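[1] Just to be clear, the model below is a prediction. Sequence and coordinates:
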Amino acid sequence: MRVLGLPEFLHKPKRTLVMGIINVTPDSFSDGGENAGTESAVMRGIQMIREGVDIIDIGGESTRPGASRISPEEEKARVLPVLRALADYDTVLSIDTMRAEVAEEAIAAGASIVNDVSGGLADSDMPRLIADVRVPYVVMHWRGFSDSMQKLAVYEVTAKEVRHELAERIEKLTKAGVEIDQIILDPGLGFAKEPDHNWDVLQAIESFEKLKRPLLVGASRKRFLGRLLNDGESDRDVKEREAATIAVTTMLAERKVWGVRVHNVRDSRDAIEVVTRWGKK
């Protein structure tokens, strides 16, 4: 499926693509603080490239449940030096931001994809920017900011409602001038969703083909996996959810989902390679 502005191997991939996560933050739910400095974030990016990452997604603002927002200036101070450093390497860079002004400067610094967890709802200037610069745009299912989103986790038929709301975003974005071929969709696992809602979405993941856009799924180390692996007293620690993450990646690759957004690039690539080889005749 064509995605405007991507290299050929990304918009017509022969396997599920791997987007590696770099959170240049002190408070992200999984790796907050590990890559908070420019040097450590750049080194992590180089390691991902060696491990076979297809896209590196760089974010400077935590979107974990309950997180407070930071200023645009702080967000730019975190991500722009990392983008500029990694732009010298042969890889595709994505900026994870809800702010148009951050996205615009990130593109100038080397980002070629904008990954907006709000799908253009958090900043009314974002659709105009995306239409003007004509870069790929990841549109996630979103109902509200991190400090209040779990109060909005109310569904009757989860997957159907998520699809409907993503279809509405596509319609509004294209009316604002964004080309349909720029849009990549993300069902937003963990965002305004309780654990069972995430499983409802995953179990119906093939139904998202109705939207006729590539699908990027981010399940990596999320709370619903920790809840599944609960030992009866507490959820499994975030750093001990990797096997469960790889299992989800494997299932998604079998269903030929366009991409997965993960913390562990090497193991994800390994799982996808097995699925791809298994499927060859």
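    Okay, I see it.

[2] Contact partners for Glu179?
    Residues near Glu179 by CB atoms under 8 Å, 6 or more residues apart in numbering: 4, 131, 134. The way it works is simple: take the backbone N, C-alpha and C, and place the C-beta from them, glycine included.

[3] From those, pick the one nearest Leu173.
    Comparing the contacts of Glu179 against Leu173 with CB to CB places Ala131 closest, at 8.3 Å.

[4] measure the residue lying closest to the closest one once chain neighbours are set aside to Asn198 for me?
    In space, and not counting its chain neighbours, Ala131 is closest to Gly177: 3.3 Å by CB to CB, 6 or more residues apart in numbering. Distance, Gly177 to Asn198, by CB to CB, to the nearest Å: 32 Å.

[5] quick one: which of the two has more around it?
    Asn198 (25 against 12; other CB atoms under 10 Å).

[6] you'd agree that one is up against Gly226?
    No - counting by CB atoms under 8 Å, Asn198 stays clear of Gly226, with 11.4 Å between them.

[7] Could you export the contacts of Glu179 as CSV, including distance to Thr63?
    Output for these, formatted as CSV (distance: CB to CB, whole Å):
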residue, distance to Thr63
Leu4, 25
Ala131, 24
Arg134, 25
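
[8] Which members of those residues are classed as buried?
    If you count burial by 16 or more other CB atoms under 10 Å, the buried members of the contacts of Glu179 come out as Ala131.

[9] Return the member of the contacts of Glu179 nearest to Ser207.
    Once CB to CB is applied, the member of the contacts of Glu179 that ends up nearest Ser207 is Leu4, at 24.6 Å.

[10] doesn't that closest one fall inside a strand?
    No - counting by DSSP: H, G, I helix; E, B strand; the rest coil, one finds Leu4 to be coil, located in no strand.

[11] Need the pLDDT of it.
    At Leu4, the pLDDT value in this model is 92.

[12] Quick one: residues contacting it.
    Leu4 neighbours (CB under 8 Å, 6+ apart): 134, 136, 179, 181-182.

[13] Any stretches of the stretch 1-150 of the chain with poor pLDDT?
    27-36 (pLDDT under 70).

[14] what about the helices in it?
    Along the stretch 1-150 of the chain, counting by DSSP state H, counting those that start in this stretch, helices occupy 8-11, 38-50, 72-86, 100-109, 126-133.

[15] possible to save these as a markdown table with distance to Arg261?
    A markdown table is the format used below for these (distance: least, CB to CB, whole Å):
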| stretch | distance to Arg261 |
| --- | --- |
| helix 8-11 | 14 |
| helix 38-50 | 12 |
| helix 72-86 | 16 |
| helix 100-109 | 17 |
| helix 126-133 | 19 |
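
[16] I'd like to know which of these lies nearest to Glu233.
    Checking those against Glu233 by CB to CB gives helix 38-50 as the closest, at 32.7 Å.

[17] could you check the angle helix 72-86 makes with the closest one?
    With axes from the mean of the first three to the mean of the last three CA atoms, to 10 degrees defining the directions, helix 38-50 sits at 50 degrees from helix 72-86.

[18] Mind checking the pLDDT average for stretch 236-246?
    95.

[19] And Leu6, how close does it get to Ala67?
    The gap separating Leu6 from Ala67 is 30 Å, by CB to CB.

[20] Give me the more crowded residue out of those two.
    Neighbour count, other CB under 10 Å: between Leu6 and Ala67, Leu6 has more, with 23 against 18.

[21] nearest residue to the more buried one other than its sequence neighbours?
    Nearest one to Leu6, counting by CB to CB, 6+ apart, is Pro136 at 5.6 Å.
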